[in-house]
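Novice: could you work out the structure for the sequence below:
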Amino acid sequence: MIRIRLDSEVSLARQIERGLRSAIAQGALKPGDELPPVRQLAADLGVNLNTVARSYRALESDGLVQSVRGRGTRVTAAREKTGESRGEAVARVRKELRETLADARLAGLGRAAVVGLARRELARFWPRARPARPARR
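Specialist: Numbering: from 1, shown residues only. This is a model prediction of the structure:
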């Protein structure tokens, strides 16, 4: 479910958080689903359990999960409850998108390749129901 890169500039805790956020955003983890125990996920990923705990706390502060001592951590929402306005959310996402596009350009990817990547990723987060085909006569 989650992949981490030890050689990444992004902290391990942030990579784990991003992986879980992505799974929630895509619907792979739904409200009510239980996350793996901190110790288990830490062992599975080969990281310190405090790293996983930090990721879970960040998700909890965003209102996406809730941890109950002795009962585990469950997904509680499919949307953040950060208190930021829609305009602030748009500005944050725009900034991150610009950084990603800059990375793509610096990596030598062409416009067509980036558009193709974006379309495939959009389909993962916002899948369209395919319209029913009319019956042939």
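Novice: pLDDT (mean, whole number) over the top helix by length along the chain?
Specialist: The residue-count maximum for a helix in the chain (DSSP state H) belongs to helix 86-106. The pLDDT scores in helix 86-106 average 94.
Novice: who's in contact with the following helix or strand past it?
Specialist: Downstream of helix 86-106, the first helix or strand assigned by DSSP states H and E is helix 111-125. Helix 111-125 has contacts (Cβ atoms under 8 Å, 6 or more residues apart in numbering) with 25-26, 101, 104-105, 109. Using the backbone N, CA and C atoms, a C-beta is placed for each residue, glycine as well.
Novice: for Pro37, grab phi and psi.
Specialist: Main-chain torsions, Pro37, degrees, to the nearest 10: phi -60, psi 150.
Novice: quick check: it touching Gly72?
Specialist: Yes - counting by Cβ atoms under 8 Å, Gly72 is a contact partner of Pro37 at 6.2 Å.
Novice: taking helix 111-125 as reference, get the angle to the longest helix of the chain.
Specialist: 140 degrees (axes from the mean of the first three to the mean of the last three Cα atoms, to 10 degrees).
Novice: pull out the buried positions in helix 86-106.
Specialist: Neighbour counts over helix 86-106 (16 or more other Cβ atoms under 10 Å) mark Ala104 as buried.
Novice: could we number from 72 for the rest of this?
Specialist: Done: numbering now begins at 72, and the last item shifts to helix 157-177.
Novice: got the contact list for that helix?
Specialist: Residues contacting helix 157-177 (Cβ under 8 Å, 6+ apart): 153, 155, 184-185, 188.
Novice: which one of those residues has the most neighbours?
Specialist: Neighbour count (other Cβ atoms under 10 Å) singles out Val185 as the most crowded of the contacts of helix 157-177, with 15 neighbours.
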